[in-house]
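Asker: Structure here, sequence nowhere to be found:
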């Protein structure tokens with residue numbers, strides 16, 4: 001069983017937007033700056049819902065063609081897997097079809113039943129639908145596509161690493177998403193993110209304040225920039 005963080009840590013993380021969190025992670029130099037987040041094709045469908053922070057539950061699906069009789073994993077197996085991860089939960093779905101997104105695993109029914117199981121959103125390289133019904137639930141959608149049909153959607157795998165938007169996600173990973181996209185927060189850094197935010201904000205605020213001042217010159221900006229980066 002994954003050990004959940006103090007809920008106060010998650011609540012604090014919800015006060016930051018995702019670019020701010022990404023900047024804060026860079027302070028600790030734990031991964032390359034071009035890793036740890038999803039590519040821009042994974043878009044926030046409901047930006048008005050604000051920040052999503054939760055632990056990943058992983059699923060792999062296909063929808064382009066029917067599966068052999070009895071070959072698909074029953075939804076109940078996935079539901080049991082959901083409960084192995086602490087709440088709040090984010091379902092991360094890798095659509096294995098090429099290209100992905102023909103049929104949607106996500107709509108009004110799945111959003112409601114997953115919300116009942118302590119899930120707050122889903123992230124997928126595939127499709128979502130029923131947008132008018134899902135947004136009022138407060139259930140986050142991050143997806144590469146919007147679709148009309150579920151087609152032949154079925155589950156092929158649960159509880160294994162998935163790759164969505166160029167990011168490999170393990171069960172239990174801590175994800176942070178908003179209108180900008182989705183990033184992975186290393187669990188060991190979660191409680192220290194506010195410190196990283198403060199470090200970055202202190203530096204950036206000096207640059208912004210100087211840029212808005214009447215004393216602004218390119219020479220002065222260069223001097224300040226070099227001093228802060230040294």
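Answerer: Perfect, I can see it now. Here the structure is a predicted model, which means the values were calculated and not measured. Residues are numbered from 1 along each chain as shown.
Asker: Helices along the chain, start to end?
Answerer: 7-13, 18-27, 75-82, 108-116, 131-134, 193-211, 218-229 (DSSP state H).
Asker: Of those helices, which stretch is the most buried?
Answerer: Stretch with highest mean neighbour count among those: helix 18-27 (a mean of 20; mean count of other Cβ atoms under 10 Å). For the C-beta atoms, the positions are set from N, CA and C on the backbone; glycine is no exception.
Asker: Next one: the residue of the chain most remote from its centre, what pLDDT does it get?
Answerer: Distance from the C-alpha centroid of the chain, by Cα atoms, centre = their mean, peaks at residue 215 (41.1 Å). With respect to pLDDT, residue 215 scores 91.
Asker: Relative to residue 225, how far out is it?
Answerer: 15 Å (Cβ to Cβ, to the nearest Å).
Asker: swap in residue 186?
Answerer: Counting by Cβ to Cβ, the gap from residue 186 to residue 225 is 29 Å.
Asker: Just list the residues touching residue 5, thanks.
Answerer: Residue 5 makes contact with 174, 187, 190, 191 under the criterion Cβ atoms under 8 Å, 6 or more residues apart in numbering.
Asker: same question but for residue 106, I mixed them up
Answerer: So residue 106 contacts 93, 122, 124, 127, 128, 129, 130, 134, 141, 143 (Cβ under 8 Å, 6+ apart).
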